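Participant: take this sequence and fold it.
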Amino acid sequence: MTVVRAPEAPPSGRVPTGRDGRARRVRRLVCVLPLLLVAVVAVRHRSVLAEGFGRLADAEAPWLLAAAGVTCLTWVAAACTRQGAVVERLPPGRLLATQFAAGAANHLLPAGLGASAVNLRFLTVCGLPFARASAALALYLLAEGAGRLALLGGLLLVFPDALRPGALLPEGAVGPLLSAAVAVPVVAAGALVLVRRLRAAVVSFLRTALGEARSVHARPARALALWGGALAFPALQAAVLVLVGRALGLGVPPGHMAVAYLAATVAVALVPTPGGIGSVEAALVVALVAAGGPAGVATAVVLAFRVITVWLPLLPGALTLGVLVRRKVL
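Facilitator: Here you go, the predicted model:
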């Protein structure tokens, strides 16, 4: 009599299923996708890249090295802010690597969706429920925006003549912006009143978010990490622009350059382009010219600044993102 043996189970003790195979294929695709997007973005902006790297060749190397070092500190500041937004202790090494990867994702998807998706996934993998992870993400975004505005307001008090009023807004733009500022809250309020499910979801989220914020601020170390990182991140980015300006001989005082950077980034905050590519460059050039810099040198400074802060970290950031996905950190 012939005995038919059943196939041996894999070492893990679990028989692989079709769902497991699909999950592996999706994970491989997610690992490769950031690199493909980097190639697409680089090809689309190849002229800007070529000109930006050309500008770096004319700059003073010590200032550029200092700018690169300060750029690395921005990821540390982002990691501190992310840790400060949750009560639980997050693994520091993986948290820092995730911020580096999130920076690349943020430049590949519009309106900050890349970084938000990466960090939301990281928090859920670390064991936070989706509702609490979303609340922590909202708290981070609120702190980052408040820190940037507070820093800009403080510098404008110190340097009131750093920027001409309305320099970043084209003629005729004030009216539409005010109309949008009034219309958006009215439409949102109307939707909340008319749609019961939406109202219930928003109320539930706000309840979770407020509870998370209270828990975080009940711990001084977490509150310090949250707000200290939220202030340090834009301050470090402004310092990078100042260092690049020194490297290329831009004749604008450092405080005025910092005001120009913060004002430009606030002005383009609502422009849904991947990482602000295109809109940030234009606004920064206008801001530096408004602060007193020559147009040609201001353009060179902005191109070199974006190469250091965006283009040079983009490929290693995408590679880090793929490794984190492959190792199931994300």
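Participant: who touches the nearest residue to residue 254 once chain neighbours are set aside in this structure?
Facilitator: Spatially, and ignoring its direct neighbours in sequence, residue 254 is nearest to residue 242 (4.6 Å; CB to CB, 6 or more residues apart in numbering). Backbone N, C-alpha and C define where each C-beta goes, glycine included. The contact partners of residue 242, taken as CB atoms under 8 Å, 6 or more residues apart in numbering, are 254, 257, 258.
Participant: for residue 317, same thing?
Facilitator: Residue 317 makes contacts with 100, 101, 103, 104, 105, as judged by CB under 8 Å, 6+ apart.
Participant: out of those residues, who's the most crowded?
Facilitator: Neighbour tally across the contacts of residue 317 (other CB atoms under 10 Å): the maximum, 29 neighbours, falls on residue 101.
Participant: what sits against that residue?
Facilitator: 118, 317, 318, 320, 321, 324, 330.
Participant: which parts of the host helix or strand of the third one are buried?
Facilitator: Meaning residue 318. Following DSSP states H and E, one finds residue 318 within helix 312-326. Buried residues in helix 312-326, counted by 16 or more other CB atoms under 10 Å: 312, 313, 314, 317, 318, 319, 320, 321, 322, 324, 325.
Participant: how about low-confidence regions in the protein?
Facilitator: Within the chain, the segments meeting pLDDT under 70 span 1-38, 40-42, 44-49, 52, 110-112, 164-184, 192, 269-279.
Participant: pretty sure residue 303 sits against residue 55.
Facilitator: Yes: using CB atoms under 8 Å, residue 303 is in contact with residue 55, at 5.1 Å.
Participant: so between these two, which is more surrounded?
Facilitator: Using other CB under 10 Å, the more surrounded residue of residue 303 and residue 55 is residue 303, with 25 against 21.
Participant: from residue 73, how far out is that one?
Facilitator: 22 Å (CB to CB, to the nearest Å).
Participant: and residue 54, by the same measure?
Facilitator: 27 Å.
Participant: who has more neighbours out of those two?
Facilitator: With neighbours defined as other CB under 10 Å, residue 54 and residue 73 compare such that residue 73 has more, 16 against 13.
Participant: and after the helix or strand encompassing the more buried one, which helix or strand comes next?
Facilitator: Per DSSP H and E, residue 73 falls inside helix 61-84. Under the assignment DSSP H and E, the closest C-terminal helix or strand after helix 61-84 is helix 92-106.
Participant: that following helix relative to helix 312-326, how many degrees between them?
Facilitator: Helix 92-106 runs at 120 degrees relative to helix 312-326, counting by axes from the mean of the first three to the mean of the last three CA atoms, to 10 degrees.
Participant: can you give the contact residues for the following helix or strand past helix 92-106?
Facilitator: Next along the chain after helix 92-106, taking DSSP H and E as the criterion, comes helix 113-125. If you take CB under 8 Å, 6+ apart as the criterion, helix 113-125 is touched by 82, 86, 90, 94-95, 98-99, 101-109, 130, 132-134, 136-137, 140-141, 274-275, 321, 328-330.
Participant: mind listing what's buried in helix 113-125?
Facilitator: By 16+ other CB under 10 Å, the buried positions in helix 113-125 come out as 114, 115, 116, 117, 118, 119, 120, 121, 122, 123.
Participant: now render these as TSV, adding distance to residue 152.
Facilitator: What follows is the buried residues of helix 113-125, written out as TSV (distance: CB to CB, whole Å):
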residue	distance to residue 152
114	25
115	21
116	23
117	27
118	27
119	24
120	27
121	31
122	29
123	29
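Participant: rewinding a little: write the ChimeraX selection for whichever of the contacts of helix 113-125 are buried.
Facilitator: To isolate the buried ones among the contacts of helix 113-125 in ChimeraX, judged by 16+ other CB under 10 Å, type:
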select :82,86,90,94,95,98,99,101,102,103,104,105,106,107,108,109,132,133,134,136,137,140,141,274,275,321,329,330
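Participant: how many neighbours does residue 268 have?
Facilitator: Counted by other CB under 10 Å, the residues lying close to residue 268 total 18.
Participant: can you give me the helices for this structure?
Facilitator: With DSSP state H as the criterion, the chain has helices at 18-44, 46-57, 61-84, 92-106, 113-125, 130-158, 174-194, 196-217, 220-247, 254-267, 279-290, 295-306, 312-326.
Participant: and the fifth one, how far out from the chain middle?
Facilitator: Average the C-alpha atoms of helix 113-125, do the same for its chain, and the two points are 12 Å apart (CA atoms, centre = their mean, to the nearest Å).
Participant: quick check: angle from that helix to helix 312-326?
Facilitator: Using the same axes, to 10 degrees: helix 113-125 against helix 312-326 is 30 degrees.
Participant: mind saving the C-alpha coords of the helix holding residue 318 as CSV?
Facilitator: C-alpha atoms of helix 312-326 as CSV (Å, rounded to 0.1, in the frame of the first residue of the first chain):
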residue,chain,number,x,y,z
LEU,A,312,21.2,65.4,-1.7
PRO,A,313,19.2,63.5,1.0
LEU,A,314,16.5,62.4,-1.4
LEU,A,315,18.1,59.2,-2.7
PRO,A,316,19.5,57.9,0.6
GLY,A,317,16.2,58.8,2.2
ALA,A,318,14.3,56.7,-0.3
LEU,A,319,16.8,53.8,0.2
THR,A,320,16.2,54.1,4.0
LEU,A,321,12.5,54.1,3.4
GLY,A,322,12.7,50.9,1.3
VAL,A,323,14.9,49.2,4.0
LEU,A,324,12.4,50.2,6.8
VAL,A,325,9.6,48.7,4.8
ARG,A,326,11.5,45.5,4.0
